[in-house]
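1. no sequence on this one, just coordinates:
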C-alpha cells in the first residue's frame, strides 16, 4: 500500500503512519499476553520506549524545527533527550557533534566494507590498478 503525503505536516510523531502501525500491532498482541506476566512486562517496556521516542521526536522538532535540523534513524533517542534540556545554541552545537559521530561511523563502515569487497577480487585490483 502506498501512503499519500499528508496535506498538513504531522502535528506529532504520534501521527506518523509507521508509529501508529507499531502501536496498533502492540495493542493487537496484548490480549494474547493475558497469562504471561513476563511478556506483559516486556510489552509495557516496549510501549514506554515507543512513547519516549515519540516525545523525544516532538521535543526535538519543537526546539530545532525552525533551524531545519532532521531527526534521522541513526540518532539515539537516549543521546538526544539530554540535549533537549539545554539552551538552543548549546544543544545545536552538541547535536552537530552527534551528527558528525553517527555519519562518520556509517561512512567508515561503508568504506571498510568496500575495501574488503575489492580486496577479495585481485583481478580487479590488477586490472584497475587499485592500491589496497
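-> That came through, no problem. All of these numbers come straight from a predicted model, not from anything done at the bench. Numbering: from 1, shown residues only.
2. List phi and psi for the closest residue to residue 59 other than its chain neighbours.
-> In space, residue 59 comes closest to residue 84 once its chain neighbours are excluded; the distance is 4.7 Å by CB to CB, 6 or more residues apart in numbering. (Glycine included, C-beta is placed from N, CA and C.) Per-residue torsions, residue 84: phi -70, psi -10 (degrees, to the nearest 10).
3. For residue 84, the count of nearby residues, please.
-> Using other CB atoms under 10 Å, the number of residues around residue 84 comes to 16.
4. low pLDDT regions in this structure?
-> 1-9, 101-132 (pLDDT under 70).
5. Which stretches in it count as helices?
-> Taking DSSP state H to define them, one finds helices in the chain at 17-29, 37-64, 77-83, 88-119, 122-128.
6. Columns distance to residue 10 on top of the ones you listed, output as CSV?
-> Listed next are the helices of the chain as CSV, based on distance: least, CB to CB, whole Å:
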stretch, distance to residue 10
helix 17-29, 9
helix 37-64, 9
helix 77-83, 17
helix 88-119, 20
helix 122-128, 46
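7. Could you measure from residue 39 over to residue 26?
-> 12 Å (CB to CB, to the nearest Å).
8. Now the helices of the chain in TSV, please, with extra columns for distance to residue 71 and mean neighbour count.
-> As requested, those are arranged in TSV below (distance: least, CB to CB, whole Å; neighbours: other CB atoms under 10 Å):
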stretch	distance to residue 71	mean neighbour count
helix 17-29	13	12
helix 37-64	5	15
helix 77-83	7	15
helix 88-119	10	12
helix 122-128	39	10
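9. which residues touch stretch 66-85?
-> 52-53, 56-57, 59-61, 63, 88, 91-92, 94-95, 98-99, 102-103, 106 (CB atoms under 8 Å, 6 or more residues apart in numbering).
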